[in-house]
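Trainee: this is the structure alone, sequence omitted:
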């Protein structure tokens with residue numbers, strides 16, 4: 001299987017950014033682009049410690065991504081390969097472009113929380 005920034009299905013396309021996603025062999029691959037700085041912290045509300053509990057492995061193609069843990073922050077810049085263990089929030093820097101791999105079953109729990117929080121935020125606008 002293979003995919004690219006032109007062939008994977010788009011699952012989100014807004015002024016904030018674009019996300020392409022596919023599930024392959026128990027892993028989810030995400031190709032993402034952030035058009036603006038995006039603090040995703042509010043999206044994890046309701047998960048344990050209000051933090052993502054899914055591990056991620058990835059590569060930053062352009063820009064930066066900051067994973068925020070209870071005890072420290074880890075900043076990954078263009079050219080960095082990373083592993084982000086469970087227990088984080090994150091901030092995408094403006095212009096960040098990345099590829100990320102996550103266990104599909106664990107990621108689904110996070111995506112369900114994100115969907116609930118996105119709906120709640122949209123209803124409060």
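Mentor: Done, it's in. All values reported here derive from a predicted model rather than from experimental measurement.
Trainee: buried residues, the helix or strand of the chain with the lowest mean pLDDT. List them.
Mentor: When the helices and strands of the chain are scored by mean pLDDT, DSSP states H and E, helix 104-123 comes last with a mean of 87. Applying a neighbour-count criterion of 16 or more other CB atoms under 10 Å, one finds 104, 107, 110, 111, 113, 114, 117 buried in helix 104-123. Glycine gets a C-beta too; all of them are placed from N, C-alpha and C.
Trainee: OK, contacts around the fifth one?
Mentor: When contacts are counted by CB atoms under 8 Å, 6 or more residues apart in numbering, residue 113 touches 43, 44, 45, 46, 47.
Trainee: ok, now with 10 Å
Mentor: Residues near residue 113 by CB atoms under 10 Å, 6 or more residues apart in numbering: 43, 44, 45, 46, 47, 50, 52, 53.
Trainee: now residue 4
Mentor: Going by CB under 10 Å, 6+ apart, residue 4 touches 20, 31.
Trainee: kind regards, and thank you for your time.
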